[in-house]
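[1] Generate a structure from the sequence data that follows.
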Amino acid sequence: MEIVPGIHVIEGISAHCYLVDGPELTLIDTGMPRKTQKILRYITGTLQRTPTDLKTILLTHCDIDHIGNARELRSITGASIAAHPQDADIIAGKKTRQTPQRVMSILFKLLGLFLQVKSFPVDEIINNGDTIAGLTVLHLPGHTPGSIALYDPKRKVLFIGDTLGCKDGIVQSPPKSVTWDMEKVYQSIEKLQTLDFTVMLSGHGEPLTSDASVKVRQFITKIHENRTTR
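    Alright, predicted model coming up:
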């Protein structure tokens, strides 16, 4: 489904993944495992493009529902996979995904084993302020150490990963149970105060397609108020 001109969400992937359509295709996140063919059908059927038109896969963070098809898609399309270094080590199996509750860390690991998701190295390391495929990288640690957002300045679209979500037009924090450091989440979203974006596209929930930066600033104000009244 095309959300704004040139930006598509592939539905039914479980954790949204977004295709940016241009001279080359860019995929932001890849959903849960075993959805590779659905992504490829969207590229060939809906967009009338070839799989090798996909040149870049950007991972907003290391969770299985975002990296699940990246390895297979790279093998088929030849696309380059990019991630922040702190999550790249988790994706490559060099570090363990941490959560506040040990039981959740164990569940993440078991889910990966059950779905036969193998660790893999990324091709490119991206850091805060870098530009890749026309998108600006914003390092927003919190949900995971290497969580990033990707900002499209031309379309004024922010791909936020799981740092924030949206339900019924209301901005939401990520679930505490699967968030590495909630305090760092709040510190990270402060960086969005001066960013001008109309659309916010998150890993879960609904697209926020109007006044997104205003609504995020309102959410930040609400956090400040809640902390003051504690």
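[2] can you list the weak-confidence ranges in the chain?
    Using pLDDT under 70 as the threshold, the predicted model of the chain has low-confidence ranges 100-116, 227-230.
[3] Strands of that one, residue ranges please.
    Residue ranges of the strands in the chain, as given by DSSP state E, are 2-4, 7-10, 17-20, 25-28, 54-58, 80-83, 124-125, 131-132, 135-139, 148-152, 157-161, 165-167, 170-172, 199-202.
[4] Extract the CA atoms of the last one and return them as CSV.
    Right, strand 199-202. Only the C-alpha atoms of strand 199-202 are listed here, as CSV (Å, rounded to 0.1, in the frame of the first residue of the first chain):
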residue,chain,number,x,y,z
VAL,A,199,4.6,11.7,8.4
MET,A,200,5.9,9.2,11.0
LEU,A,201,6.1,5.5,10.1
SER,A,202,6.8,3.1,12.9
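[5] ok, the nearest residue to Thr46 once chain neighbours are set aside - how many residues close by?
    Taking Cβ to Cβ, 6 or more residues apart in numbering, and ignoring the residues beside it in sequence, Thr46 has His8 as its nearest neighbour in space, at 7.3 Å. All C-beta atoms are positioned from the backbone trio N, CA, C, and that covers glycine. Residue crowding around His8 was assessed by other Cβ atoms under 10 Å; the count is 21.
[6] contacting residues around His8?
    Going by Cβ atoms under 8 Å, 6 or more residues apart in numbering, His8 touches 1-2, 18-19, 21, 42, 46-47.
[7] One more pass at 10 Å, please.
    Contact partners of His8, counting by Cβ atoms under 10 Å, 6 or more residues apart in numbering, are 1-2, 17-21, 25, 27, 42-43, 46-47.
[8] One more: Ile39?
    Each residue near Ile39 by Cβ under 10 Å, 6+ apart is listed here: 10, 13, 17, 19, 27, 30-31, 51, 54, 69, 72-73, 76-77.
[9] measure the closest residue to Gly203 other than its chain neighbours to Glu2 for me?
    Ranked by Cβ to Cβ, 6+ apart and with sequence neighbours excluded, the top spatial neighbour of Gly203 is Asp162, at 4.5 Å. To Glu2, Asp162 is 23 Å away according to Cβ to Cβ, to the nearest Å.
[10] who's more crowded, the two?
    Each of Asp162 and Glu2 has its neighbours counted (other Cβ under 10 Å); Asp162 has more, 27 against 12.
[11] number of nearby residues for the residue nearest to Ile76 when sequence neighbours are not counted?
    Excluding its sequence neighbours, the residue lying closest to Ile76 (Cβ to Cβ, 6+ apart) is Pro51, at 5.8 Å. The burial metric for Pro51, expressed as a neighbour count using other Cβ under 10 Å, is 15.
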